[in-house]
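Participant: Need the 3D shape of this:
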Amino acid sequence: MSRAPLVAILDDEPEIRRMLALALEEAGFQTTAFGRATEFEAALKRRAPDVCLVDLGLPDRDGLAVVHRLALESGAAIIIVSGRAQVQDRVTGLELGADDYIIKPFDPAEVVARVRARLRKGRAESVPATQTAHFSGWTAHFDRYLLVAGDGAEVAFSHAEGEVLRLFLESPRRLISRAQMQESLGGAAGESFDRAMDVRISRLRTKLGEDPRNPTLIKTIYGAGYIFLGEVEWR
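Facilitator: Below is the predicted model:
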């Protein structure tokens, strides 16, 4: 019998932690909750959660720094749950590696639905037996969130960047529109999603050593979307 997915909750408000834990446990999830980032990060070393719900207003650490570290070091899906409602806050959170952003106050049922959606997407991505792709002198290890160049140099990528890279590598030499990206990657369409995608693609180009003025692998087709021009082999 498979275990129930584990959701880690990081929020400095005890009532929020209790409300989220109750809703998630009633929906069949396991939960673990923390009020401080230091306790949360220590617990992650003992057991890796499937999903992390992270508040940005923490007493001992910048919440965005926690999100960025999780994106680089953890394979968990990351959902920010915050009272910061400005578009720039949402964009920054997504840029730093969050997979979704929920604004307080919220309906606990919405959080449960978003968690389920992220887990469904994660299971769909894990269906292929191969987690390694080879292209243009690079090897992408999706199980380790790592790019390896031909000379052996290693470059880490975040969970969010990996979603975009996988989308390109699974559909090489095919135009991918913004609408297709939004449908595949989830999230609300609009300015914040578009800007987050622009930033993720820019960071991927930098990590792949692309000339930002004339990229050769990830090409922008203005007004239409993007196209990945490399040859890809999955192993």
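Participant: Now do the same contact list for the residue nearest the centre of the chain.
Facilitator: Centroid-nearest residue in the chain, with CA atoms, centre = their mean: Ala160, separated by 3.2 Å. For Ala160, the contacting residues are Ala71, Leu94, Gly97, Ala98, Asp99, Ala196, Arg200, by CB atoms under 8 Å, 6 or more residues apart in numbering. Yep, even glycine has a C-beta here, placed from its N, CA and C like the rest.
Participant: Export those residues as a markdown table, with columns for pLDDT, neighbour count and distance to Val7.
Facilitator: A markdown table is the format used below for the contacts of Ala160 (pLDDT from 0 to 100; neighbours: other CB atoms under 10 Å; distance: CB to CB, whole Å):
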| residue | pLDDT | neighbour count | distance to Val7 |
| --- | --- | --- | --- |
| Ala71 | 81 | 25 | 17 |
| Leu94 | 83 | 24 | 20 |
| Gly97 | 81 | 23 | 18 |
| Ala98 | 88 | 28 | 15 |
| Asp99 | 84 | 27 | 13 |
| Ala196 | 78 | 23 | 23 |
| Arg200 | 87 | 23 | 24 |
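Participant: Which one of those is nearest to Leu56?
Facilitator: The closest of those to Leu56 turns out to be Ala98 (CB to CB; 9.8 Å).
Participant: Please identify which helix or strand holds that closest one.
Facilitator: Using DSSP states H and E, Ala98 is not contained in any helix or strand.
Participant: so how far is Glu25 from it?
Facilitator: 23 Å (CB to CB, to the nearest Å).
Participant: got the CA coordinates for stretch 33-50 in CSV?
Facilitator: This file holds the C-alpha atoms of stretch 33-50, laid out as CSV (Å, rounded to 0.1, in the frame of the first residue of the first chain):
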residue,chain,number,x,y,z
ALA,A,33,4.0,22.0,10.1
PHE,A,34,6.6,24.5,11.2
GLY,A,35,6.6,28.1,12.3
ARG,A,36,10.2,28.9,11.6
ALA,A,37,12.4,28.3,8.6
THR,A,38,15.3,26.7,10.6
GLU,A,39,13.0,24.0,12.0
PHE,A,40,11.5,23.4,8.6
GLU,A,41,14.9,23.0,6.8
ALA,A,42,16.2,20.7,9.5
ALA,A,43,13.2,18.5,9.2
LEU,A,44,13.6,18.3,5.4
LYS,A,45,17.0,16.6,5.9
ARG,A,46,15.2,13.8,7.7
ARG,A,47,12.3,13.3,5.3
ALA,A,48,11.6,14.8,2.0
PRO,A,49,8.0,16.1,1.5
ASP,A,50,6.1,15.8,-1.8
